[in-house]
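In: With the sequence up front, the predicted model follows.
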Amino acid sequence: MSLHATTSQTVGPYLHIGLTWLIIEKLAAARVPGERISIEGRVVDGDGKPVNDALVEIWQADSRGRYGTKSFRGFGRSATDAQGKFHFQTVKPGRVPGLAGKLQAPHIAVNIFMRGQLKQLVTRIYFPGEASNAKDPVLALVPADRRATLVAKKVTGKAGALKWDVFLQGRGETVFFDC
Amino acid sequence: MSEIIGYRRPAPGTQPDYLFPPYASTVQRAPTQPLVRLPHTQTELTGPVFGYDEVKRGDHDLTRQHAGDPIGERIIVSGRVLDENGRPVPHTLVEIWQANSAGRYPHRVDQHDAPTDPNFTGCGRALTDKHGRYRFVTIRPGEYPWRNHYNAWRPAHIHFSLFGQAFLQRLVTQMYFPGDPLLADDPMYNCVPDERARRRLISALDWETTIPEIALGYRFDIILRGPEETPMENKR
């Protein structure tokens, strides 16, 4: 049997009605092992204006590189505020298998939904100062001058705090994937 | 070495591009740089699981969330969630949202001069059963104007959000109603060139789910992306 996937449609401007009953900005309970991190960012459109009606969903492995364990589901959902800001508190994911059995650098998968997108944007968050980034099979597919858009930045003076902004268009446009 | 079996890429003309100028707000929001083709790794082939601790029994009935009955025509919307290989997608989260019968959302952005309904929020959710079936009770949503172009009106629709079992099965779509004359001029509905793909967004009046003297039933089956079939020679 061969079918075609249903056509994607936009979430529209009223997405909050259906989707914000499930906001998960703290992914890891206190007992979950791993390095505590926080990720904060802004979504900005082609006119440099904050996108105040986006929904950012993340999917990640636990600190040992396992997906969907009993104690750590690994799913987060945050809606942007008037400044286009979203945020998550979680643990840094471990490395998971990539292509041909090679490990990937630690990363978080991201889906972004908003009015004006007929289907979700797909991107990834990588971690700063991570030696394995240089050998990551997915980063290797990204033009070198654009890789930095996928790597979060350290916030100075705050342990574990990271900043990762999403630029939909223009200078520093974030890399998006054809998934 | 275990080869990962990826998911099928979309058939031409069945999924929208990001930039689609007839839908005006795509112009400021669509990526302008080429997309990078992502191989399917364990990250994309796994996904979150939701359970009954989150989805409660009555969440599928949008007509019973307040003290009184909402205004409008009660309907039942049901269907199956399958993958592209025809396999049911069991126990997956389905979230819906919609306007009330007057075409109004209880949302600060919605300034359309139509009444809100204190007995209707327009938000529901359900888990599919082991056969991939879901069912909602709601009221038929109204059409409403929007400012995309002169005299623009959205056809009646219900928003659907689905997770499936993998990150790359995640789908948000809209369900339409049969025979709606507004579909012909709706940029959302017309965002893909494949006419058969568009038609699959239209539900069908369904006598099996219709309850006599209670509510008309509409059937809306949803197809999520499916894994590539394993080539025979790779099977152990």
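Out: Yep, that arrived.
In: close enough to count as contact, residue B:173 and residue A:8?
Out: Yes: counting by CB atoms under 8 Å, a contact exists between residue B:173 and residue A:8, whose distance comes to 5.9 Å. For every residue, glycine as well, the C-beta is placed using N, CA and C.
In: Show me what the lengthiest strand in chain B packs onto, helices and strands only.
Out: Identified as the longest strand of chain B according to DSSP state E is strand B:74-83. Applying 3 or more CB pairs under 8 Å, 6 or more residues apart in numbering or on different chains; DSSP states H and E, one finds that strand B:74-83 contacts strand B:133-139, strand B:216-219, strand B:222-224.
In: Quick one: check whichever helix or strand comes after it for contact with chain A.
Out: Counting by DSSP states H and E, the next helix or strand C-terminal to strand B:74-83 is strand B:93-98. Yes: Strand B:93-98 reaches chain A (CB under 8 Å from any CB of the partner chain) through B:95, B:96, B:97.
In: what's the average pLDDT for strand B:93-98?
Out: Mean pLDDT, computed over strand B:93-98, is 98.
In: Report the inter-axis angle for that strand versus strand B:74-83.
Out: Strand B:93-98 runs at 140 degrees relative to strand B:74-83, counting by axes from the mean of the first three to the mean of the last three CA atoms, to 10 degrees.
In: outside of strand B:93-98, which residues touch it?
Out: A:14-15, A:17-19, A:21-22, B:50, B:54-55, B:62, B:77, B:81, B:122-128, B:134, B:136, B:138, B:141, B:157-163 (CB atoms under 8 Å, 6 or more residues apart in numbering or on different chains).
In: Likewise for stretch B:181-199?
Out: With contacts defined as CB under 8 Å, 6+ apart, stretch B:181-199 is touched by A:4, A:7, A:9-10, A:118, B:11-16, B:20, B:22-23, B:143, B:148-149, B:152-157, B:174, B:176, B:201-202.
In: for stretch A:158-174, same thing?
Out: A:35-46, A:48, A:51, A:56, A:112, A:121, A:123, A:125, A:127-128, A:146, A:149-150, A:152-155, B:28-33.
In: ok, for the residue in chain A positioned nearest to chain B, nearest residue in space, not its chain neighbours?
Out: Nearest residue of chain A to chain B (CB to the nearest CB) works out as residue A:18 at 2.7 Å. Sequence neighbours aside, residue B:97 is the residue nearest to residue A:18 in space, at 2.7 Å (criterion: CB to CB, 6 or more residues apart in numbering or on different chains).
In: can you check residue B:35 too?
Out: residue A:178 (3.9 Å).
In: can you count the residues close to the one you found?
Out: 11 (other CB atoms under 10 Å in any protein chain shown).
In: does the residue most central in space within chain A count as helix, strand or coil?
Out: The residue lying closest to the centre of chain A (CA atoms, centre = their mean) is residue A:110, at 3.2 Å. Counting by DSSP: H, G, I helix; E, B strand; the rest coil, the backbone at residue A:110 sits in strand.
In: List the contacts of residue B:103.
Out: Counted by CB under 8 Å, 6+ apart, residue B:103 has contacts B:112, B:114, B:141, B:142, B:143, B:144.
In: List just the nearest of those to residue B:211.
Out: residue B:141 (19.3 Å; CB to CB).
In: hey, where'd the helices end up in chain B?
Out: B:42-45, B:195-199 (DSSP state H).
In: Point me to the helix or strand that includes the residue nearest to residue A:52 when sequence neighbours are not counted.
Out: Leaving aside its sequence neighbours, residue A:52 sits nearest to residue A:82 (CB to CB, 6+ apart; 5.1 Å). Element membership of residue A:82 [criterion: DSSP H and E] is none; it lies in no helix or strand.
In: what's around residue A:82, how many residues?
Out: Per other CB under 10 Å, the neighbour tally for residue A:82 reads 8.
In: now residue A:144
Out: Around residue A:144 there are 8 residues (other CB under 10 Å).
In: what's the answer for the one 3 residues further on, then?
Out: Here the number of neighbours of residue A:147 (other CB under 10 Å) works out to 16.
In: ok so it is a helix residue?
Out: Yes: assessed with three-state DSSP, residue A:147 lies in a helix.
In: How much space separates it from residue B:36?
Out: Separation of residue A:147 from residue B:36 (CB to CB, to the nearest Å): 10 Å.
In: ok, now residue B:18?
Out: Distance from residue B:18 to residue B:36, by CB to CB: 14 Å.
In: repeat for residue A:107
Out: For residue A:107, the distance to residue B:36 equals 14 Å [CB to CB].
In: The two - which one has more neighbours?
Out: residue A:107 (26 against 20).
In: List the contacts of the more buried one.
Out: With contact taken as CB under 8 Å, 6+ apart, residue A:107 is in contact with A:60, A:93, A:124, A:125, A:126, A:127, A:136, A:138, B:43.
In: Please repeat the previous calculation with a cut-off of 6 Å.
Out: A:124, A:126 (CB atoms under 6 Å, 6 or more residues apart in numbering or on different chains).
In: what do you get for residue B:41?
Out: Neighbours of residue B:41 in contact, by CB under 6 Å, 6+ apart: residue A:98.
In: before we move on, back to that, the residue of chain A closest to chain B - that's part of a helix, no?
Out: Yes: counting by three-state DSSP, residue A:18 is part of a helix.
In: residues near it, how many?
Out: Considering only other CB under 10 Å, residue A:18 is surrounded by 25 other residues.
In: Surely it touches residue B:123?
Out: Yes: in this structure, residue A:18 is within contact of residue B:123 by CB atoms under 6 Å, at 5.1 Å.
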